[in-house]
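**Q** return atomic coordinates for the entry below.
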Amino acid sequence: MNLGAFSVSLAVTDLSKSKAFYENLGFSVFAGDAEAGYLMLKNGEHVLGLFQGMFEKNILTFNPGWDQHGNNLESFDDVREIQAQLKASGLSLSAEAEPESSGPASVMLEDPDGNQILIDQHR
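**A** Numbering: from 1, shown residues only. Next comes the predicted model:
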């Protein structure tokens with residue numbers, strides 16, 4: 001199962017303060033919209049998403065169809081295929097993609113400690 005690009009999505013209370021903090025750690029903004037409440041930052045291969053007011057907890061995010069630079073992959077495991085494999089493994093999902101759909105969709109689950117995991121396909 002190939003989950004695609006990985007990033008950590010942080011729920012922040014002050015986007016500009018968080019941006020400044022992570023810039024001091026060597027991250028730089030490469031995408032997002034501060035007016036809409038989110039920014040994507042990179043430091044080498046490491047990707048952080050800063051999200052103000054969009055969700056309550058931090059989330060481990062995987063993006064099928066993208067490489068670590070956000071480039072489209074020619075071949076990838078569709079989120080619906082991943083969902084079927086997760087369910088076949090006995091994992092409970094808190095949000096599911098419509099199995100008969102195609103294109104963008106997402107799946108969400110939690111690890112045993114309550115950490116949220118989002119598998120979010122954008123194409």
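
**Q** contacts for stretch 78-97 next, please.
**A** By C-beta atoms under 8 Å, 6 or more residues apart in numbering, the residues outside stretch 78-97 that reach it are 1, 3, 64, 98-99, 101-102, 105-110, 116, 119-121. Bear in mind the C-beta positions are built from the backbone N, C-alpha and C, glycine included.

**Q** now do the strands in the protein.
**A** Assigned by DSSP state E, the strands in the chain fall at 5-12, 28-33, 38-43, 46-52, 59-63, 105-110, 116-121.

**Q** which strands and helices sit next to the second one?
**A** Contacts of strand 28-33 with other secondary structure elements, assessed using 3 or more C-beta pairs under 8 Å, 6 or more residues apart in numbering; DSSP states H and E, are made with strand 38-43.

**Q** from L41, how far off is the spatially most central residue of the chain?
**A** Nearest to the centroid of the C-alpha atoms of the chain, with distances taken as C-alpha atoms, centre = their mean, sits T61, at 2.6 Å. Distance check for T61 against L41: by C-beta to C-beta, to the nearest Å, it reads 13 Å.
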